[in-house]
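Student: Compute the structure for the input listed below.
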Amino acid sequence: MMSETDLVRDIMDYLRLRGIWCIRVHSGRSYGYGMHLAEKGTPDLMGCLPDGRCLVIECKLPGWKPRNAQDRERYQTQCEHCARVTKAGGVGLVARSVEDVKERVG
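Tutor: Prediction:
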């Protein structure tokens, strides 16, 4: 069974094969190290398309549904980040497969 980590890795591999620069973004707190990572709700992947546009991707497994209010709030924030990037001329999406990325990015 595929994990979200596997999905993120597969999408990153696809983007890199296409020559698209991207990084994995870790958000939330890193307990035990006393440091705050990226802002809560930051999409999983950020990158730059060859034409200079910003790319953000939130990765979710097929069939994923929020389990509680905290999950719903986080997911809404993630979707809002993606929408802001798209509104500004970039590409922001929630991807449940590499195919989702291929459809939006090429």
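Student: how would you label the nearest residue to His81 once chain neighbours are set aside: helix, strand or coil?
Tutor: Spatial nearest neighbour of His81, chain neighbours left out: Pro43 (5.5 Å); criterion: C-beta to C-beta, 6 or more residues apart in numbering. (Glycine included, C-beta is placed from N, CA and C.) Classification of Pro43 using DSSP: H, G, I helix; E, B strand; the rest coil returns coil.
Student: same check, this time on Leu15
Tutor: Assignment for Leu15 (three-state DSSP): helix.
Student: contacting residues around the residue nearest to His81?
Tutor: Val25, Val56, Ile57, Glu58, Gln78, His81, Cys82, Gly92 (C-beta atoms under 8 Å, 6 or more residues apart in numbering).
Student: let's go with 6 Å and repeat that
Tutor: Residues in contact with Pro43 (C-beta atoms under 6 Å, 6 or more residues apart in numbering) are Val56, Ile57, Glu58, Gln78, His81.
Student: Correct me if wrong: the fourth one contacts Glu39.
Tutor: Just to be clear, that refers to Gln78. No: contact criterion C-beta atoms under 6 Å: Gln78 and Glu39 do not qualify, at 10.8 Å.
Student: Who has more neighbours out of the two?
Tutor: Gln78 (23 against 11; other C-beta atoms under 10 Å).
Student: which residues does the more buried one contact?
Tutor: Gly41, Pro43, Glu58.
Student: Relative to Gly52, which of those is nearest.
Tutor: Closest approach to Gly52 among the contacts of Gln78 (C-beta to C-beta): Pro43, at 18.5 Å.
Student: measure that closest one to Met1 for me?
Tutor: Shown here: Pro43 relative to Met1, a distance of 23 Å by C-beta to C-beta, to the nearest Å.
Student: With Gln76 instead?
Tutor: Taking C-beta to C-beta, one finds Gln76 at 26 Å from Met1.
Student: between these two, who's got more neighbours?
Tutor: More crowded of Gln76 and Met1, by other C-beta under 10 Å: Gln76, with 12 against 4.
Student: does the more buried one sit in a helix, a strand or a coil?
Tutor: Going by three-state DSSP: Gln76 is helix.
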